[in-house]
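Colleague: Sequence below, structure please.
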Amino acid sequence: MADQEEDDMQMALKMSMQHEPPEPKRSKPRDNAAGPQAEESPEVKNRRLQRELMAAAAEKRMMAAKNAATAVVSVSKVGKSVKEEEGGSASGAECKKKEVNLGKELSPAEANELFSMVFGGEVTKDVLAQWSNQGIRFSPDPETSMGLVQHEGGPCGVLAAIQAFVLKYLLFFPEELSKVASNMPMGSRVSESRFVALDIFASLVEDKKLRALVKSMGEILFLCGSNKRAVIASLSILDCDIEGSGDSSKDEITAKALEGLSIESGCDLQKILRVNTYTSQASAFHRLKAMIPVFQSRMGAMLFLISALLSRGLVKLQNKTDSVQADRDDPSQPLVTAPFGHASQEIVNLLLCGQAVANVFDGSMDLGGGMFVKGISTTVEVGFLTLLESLIFCKVGQFLKCPKWPIWVVGSESHYTVLFALNTKVQEENELEGRETQIRRAFDAQDQSGGGGFISVEGFNQVLRETNINLPAEKLDHLCNSGFIVWSEFWQVLLDLDKSSGGLKDSTGLMGKKFFDLYHFNGIAKSVLNGSQATSGGETPIQRPRLTTLRVSVPPRWTPEEFMAAVPSGSGGNDTAGKDAVVEVSKPEPPQHAPLVDCIRTRWPRALCNWEGDAPSIV
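Modeller: Residues are numbered from 1 along each chain as shown. Predicted coordinates for the structure are as follows:
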């Protein structure tokens, strides 16, 4: 006890000698000039010591309060709150609160519903590991620097859908990526410079790629939320330090926070998942930008899928028609398919068109008995093609085949990749084929032969009037001299009739043949030889994503025989053009084949493709 009193006395003496403001009030020291009579009695001395101890204790409390205030200010500088990112201000207390509350906590029922919807009741640990170890990260390889890298199977459907939107911004909205912020609706403007050289990918700076990623994620989430809201999911174990720390430490902070984390049940989700809802696209943009380190972490793909599902809404929690379970034909099946954990078509459709429908045809289909199955109900920004259509397992509708931008997610039996063009003209209809369709439709309307392919002279004159065809007198007499007109004879005349007269004669000799380039990106690391270093035993393959350039030619719908018969007769320049055309048809460049070509032909029938190096892979 005596030792404690001595310690307290020493502390009081030390504190009384400090002069840091504010100074606590102390008992006034006795005047040394008072002389001997100033000596303290034991009772007075005890009271003075008690006052000194009380002053020291008060000073300790003040110092502690000062340190706490300094810590709060420091945290507020490092981790800004969401309100501060949106243009407001946040106090240190608000930031401190955010450290333990990143958003709304799901109820146990909501978390169980969400987990069951995604994974079902019998998901394996391997599938959960696939979805818990996939971040949304760009390739470090210069040639594929615009691409998102996939490490293993499973979340490729999520990555490919995001990739398609990222390409939309990189290729067709490059000016959007140089702005600090945008108050415009995402995807509302078209770049004036639509045709971008492919080498842009090698020179992309990180900031533009990340901005394209943020805009893409925001657009998808608002698409899922019917353009009214976006829900962004995060983890409670992450605090505001991630948002404000330096770039070099963000990944380290996130990775350390995720050490040992596993999600194996709805209960696990409920413990760590936090969600925020945004109705302002600018607010969502700022939040997504701040959370890029989280989406780049190993939990990124799963968190984005959860964000999309919650943006759409869970049917048992929100009594409305635009919800995930209401979209689906069979809500009892998990969205991640067994046994390999691939993203279902419902996930891909949700991210591409905002609805978790299971089919890819246009509209809905009546199966009879009041049963309908749902397909794609509206035009889309980026589209979808699948190998399964070439195998006659499904039919992709025009909404997905002909999106606004020439970018398609490509599906195979087990993987999703991306196909795209730099030129929007690849989507345009062939001029000659469009004209042929118009004339043939008018001809068939006059066909009373039951499909025999011939019409009367009166009906033929009606066709000529409707389609603005001006036939020379000798051609008209030749076609009508038998009293009826056969389509094949009429067709041959059209191919030798100038466009100025309403015909289909093509002075280029291509006869409607199209040439264009397509590019295929596979984000999963593959062994490739291109760009690797040679060794004594040859080239050593390296593991990286693949970008393949395909040269595509699409001949017209008519047969080669019809094509050759259409070569103009006579001499001179027309004859030369005709010879060139015959050579083009009879000796084309030897085409190459891969499963991707079958996918391409579902969009451009008869397409022929060539490429250099290894064949493009869709698995």
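Colleague: what comes up buried for the longest strand seen in the chain?
Modeller: The single longest strand within the chain, with elements called by DSSP state E, is strand 514-528. Neighbour-count burial for strand 514-528 flags 514, 516, 518, 519, 520, 521, 522, 523, 524, 525, 528 (criterion: 16 or more other C-beta atoms under 10 Å). C-beta: built from backbone N, CA, C; applies to glycine.
Colleague: Stretch 159-175 now?
Modeller: Result for stretch 159-175 [16+ other C-beta under 10 Å]: buried residues 159-174.
Colleague: So which of these are in helices?
Modeller: 159-172 (DSSP state H).
Colleague: you'd agree residue 549 is up against residue 521?
Modeller: No: the pair residue 549 / residue 521 is not scored as a contact, 10.7 Å apart, by C-beta atoms under 8 Å.
Colleague: picking up where we left off before, what's the closest of the buried residues of stretch 159-175 to residue 113?
Modeller: residue 161 (23.0 Å; C-beta to C-beta).
Colleague: Contacts only, for residue 468.
Modeller: Applying C-beta atoms under 8 Å, 6 or more residues apart in numbering, we find residue 468 in contact with residue 502.
Colleague: Start at 59, not 1
Modeller: Done: numbering now begins at 59, and the last item shifts to residue 526.
Colleague: how near is it to residue 558?
Modeller: 11 Å (C-beta to C-beta, to the nearest Å).
Colleague: Check residue 581 too.
Modeller: For residue 581 relative to residue 558 (C-beta to C-beta), the value is 50 Å.
Colleague: returning to that earlier point: out of the buried residues of strand 572-586, flag the one nearest to residue 162.
Modeller: residue 581 (32.3 Å).
Colleague: Which helix or strand contains residue 570?
Modeller: Counting by DSSP states H and E, there is no helix or strand that carries residue 570.
Colleague: my bad, should have said residue 289
Modeller: Residue 289 belongs to strand 288-293, assigned by DSSP H and E.
Colleague: what residues does that strand touch?
Modeller: 160-161, 276, 279-280, 282-283, 315-316, 319, 330-336, 339, 342, 345-346, 349, 352, 357, 361-362, 364-365, 368-369.
Colleague: mind running it again at 7 Å?
Modeller: 160-161, 276, 279-280, 283, 330-336, 342, 345-346, 349, 352, 357, 361, 364-365, 368-369 (C-beta atoms under 7 Å, 6 or more residues apart in numbering).
Colleague: same deal with stretch 462-472?
Modeller: Under the criterion C-beta under 7 Å, 6+ apart, residues 211, 218-219, 222, 225-226, 230, 398, 400, 406, 410, 437, 439-446, 474-479, 482, 484-485, 653-654, 657, 676-677 lie in contact with stretch 462-472.
Colleague: does residue 606 count as helix, strand or coil?
Modeller: Following DSSP: H, G, I helix; E, B strand; the rest coil, we place residue 606 in the strand state.
Colleague: who does it bridge with?
Modeller: residue 578 (DSSP bridges).
Colleague: Could you list the buried residues of stretch 540-550?
Modeller: Result for stretch 540-550 [16+ other C-beta under 10 Å]: buried residues 543, 545, 548, 549.
Colleague: Just the pLDDT for the third one.
Modeller: The one in question is residue 548. Looking at residue 548, its pLDDT stands at 92.
Colleague: Can I take it that it is in a strand?
Modeller: No: counting by three-state DSSP, one finds residue 548 to be helix, located in no strand.
Colleague: residues touching it, list them.
Modeller: By C-beta under 7 Å, 6+ apart, the neighbours of residue 548 are residue 537.
Colleague: Dump the buried residues of stretch 540-550 into TSV; add distance to residue 175 as well.
Modeller: As requested, those are arranged in TSV below (distance: C-beta to C-beta, whole Å):
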residue	distance to residue 175
543	61
545	54
548	58
549	55
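Colleague: before we move on, back to that, so which one among the buried residues of strand 572-586 has the lowest pLDDT?
Modeller: For the buried residues of strand 572-586, the least confident entry is residue 586, with 55.
Colleague: Just the helices from the stretch 259-408 of the chain, written as ranges.
Modeller: Assigned by DSSP state H, counting those that start in this stretch, the stretch 259-408 of the chain shows helices spanning 264-282, 299-302, 305-315, 324-330, 339-348, 350-354, 358-370, 382-385, 403-411.
Colleague: Need these in JSON lines (columns: distance to residue 465 and mean pLDDT).
Modeller: JSON lines is the format used below for these (distance: least, C-beta to C-beta, whole Å; pLDDT from 0 to 100):
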{"stretch": "helix 264-282", "distance to residue 465": "11", "mean pLDDT": "96"}
{"stretch": "helix 299-302", "distance to residue 465": "31", "mean pLDDT": "54"}
{"stretch": "helix 305-315", "distance to residue 465": "29", "mean pLDDT": "75"}
{"stretch": "helix 324-330", "distance to residue 465": "32", "mean pLDDT": "92"}
{"stretch": "helix 339-348", "distance to residue 465": "21", "mean pLDDT": "95"}
{"stretch": "helix 350-354", "distance to residue 465": "21", "mean pLDDT": "93"}
{"stretch": "helix 358-370", "distance to residue 465": "19", "mean pLDDT": "97"}
{"stretch": "helix 382-385", "distance to residue 465": "23", "mean pLDDT": "93"}
{"stretch": "helix 403-411", "distance to residue 465": "10", "mean pLDDT": "98"}
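Colleague: mind putting these in JSON lines, mean neighbour count included?
Modeller: Shown next, in JSON lines, are those (neighbours: other C-beta atoms under 10 Å):
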{"stretch": "helix 264-282", "mean neighbour count": "22"}
{"stretch": "helix 299-302", "mean neighbour count": "20"}
{"stretch": "helix 305-315", "mean neighbour count": "14"}
{"stretch": "helix 324-330", "mean neighbour count": "18"}
{"stretch": "helix 339-348", "mean neighbour count": "21"}
{"stretch": "helix 350-354", "mean neighbour count": "22"}
{"stretch": "helix 358-370", "mean neighbour count": "25"}
{"stretch": "helix 382-385", "mean neighbour count": "21"}
{"stretch": "helix 403-411", "mean neighbour count": "25"}
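Colleague: I'd like those helices written out as CSV, with distance to residue 470 added.
Modeller: Formatted as CSV, the helices of the stretch 259-408 of the chain follow (distance: least, C-beta to C-beta, whole Å):
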stretch, distance to residue 470
helix 264-282, 22
helix 299-302, 36
helix 305-315, 32
helix 324-330, 30
helix 339-348, 30
helix 350-354, 26
helix 358-370, 19
helix 382-385, 24
helix 403-411, 12
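Colleague: and the closest residue to residue 651 other than its chain neighbours, what pLDDT?
Modeller: Spatial nearest neighbour of residue 651, excluding adjacent residues (C-beta to C-beta, 6 or more residues apart in numbering): residue 667 at 7.8 Å. Residue 667 is assigned 97 on the pLDDT scale.
Colleague: where does residue 655 land in three-state SS?
Modeller: Residue 655 ends up helix, using three-state DSSP.
Colleague: Now do the contacts for it.
Modeller: Residue 655 neighbours (C-beta under 7 Å, 6+ apart): residue 667.
Colleague: Tell me how far it lies from residue 470.
Modeller: Residue 655 is 13 Å from residue 470, by C-beta to C-beta.
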